[in-house]
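*Asks:* A predicted structure for the sequence below; I have some questions about it.
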Amino acid sequence: MLNLPANIKERIEQCVAGQADAAKTIDEEARSHGAIALMGTIGVIWGLRPDGTFWQFDEDFGLELAPLPTELELEAIVWGTYRHPWLKELLPGRPATATTCPFCNGQARISPVFLCPTCRGLGWVA
């Protein structure tokens with residue numbers, strides 16, 4: 001669970017209420033679970049609720065609402081920044097001692113649909 005800043009919590013609440021950032025089917029499904037959609041692919045949607053909890057679900061493939069494994073939360077936020085740029089402030093800051101990821105050369109992705117497994121989508125490693 002993330003301790004969300006008030007401005008992010010409020011923005012998520014607005015999205016859940018249908019007042020902003022909801023244009024796709026995954027957004028509608030996420031709203032039905034009280035969340036915003038961070039990422040959606042065949043068989044799973046990752047969502048974030050205003051209370052800072054992460055969830056996974058997908059009605060089309062019968063994946064019932066369940067907590068997202070903690071080890072996927074960083075990737076969920078990274079994916080979420082592509083859909084909701086205002087989530088960028090939730091990403092960790094790059095430490096002064098960090099180096100550009102040697103696997104993806106700082107690109108954060110290894111293809112349009114895969115985050116780099118080494119840096120987990122940050123473009124740098126500590």
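*Replies:* That came in fine, so what should we check first?

*Asks:* tell me what the helix or strand of the chain with the lowest mean pLDDT is packed against?
*Replies:* The weakest-scoring helix or strand in the chain, judged by mean pLDDT, DSSP states H and E, is helix 25-32 (a mean of 90). If you count contacts as 3 or more Cβ pairs under 8 Å, 6 or more residues apart in numbering; DSSP states H and E, helix 25-32 packs onto helix 6-16, strand 36-41, strand 44-48, strand 54-58. Just so you know, the C-beta spots here come from the backbone N, C-alpha and C atoms, and that holds for glycine as well.

*Asks:* would you indicate which residues of the third one are buried?
*Replies:* It refers to strand 44-48. In terms of neighbour count (16 or more other Cβ atoms under 10 Å), strand 44-48 has its buried residues at 45-48.

*Asks:* what is the nearest of the residues you listed to residue 34?
*Replies:* The closest of these to residue 34 turns out to be residue 47 (Cβ to Cβ; 8.3 Å).

*Asks:* residue 64: helix or strand, and which one exactly?
*Replies:* Taking DSSP states H and E as the criterion, residue 64 maps to strand 63-67.
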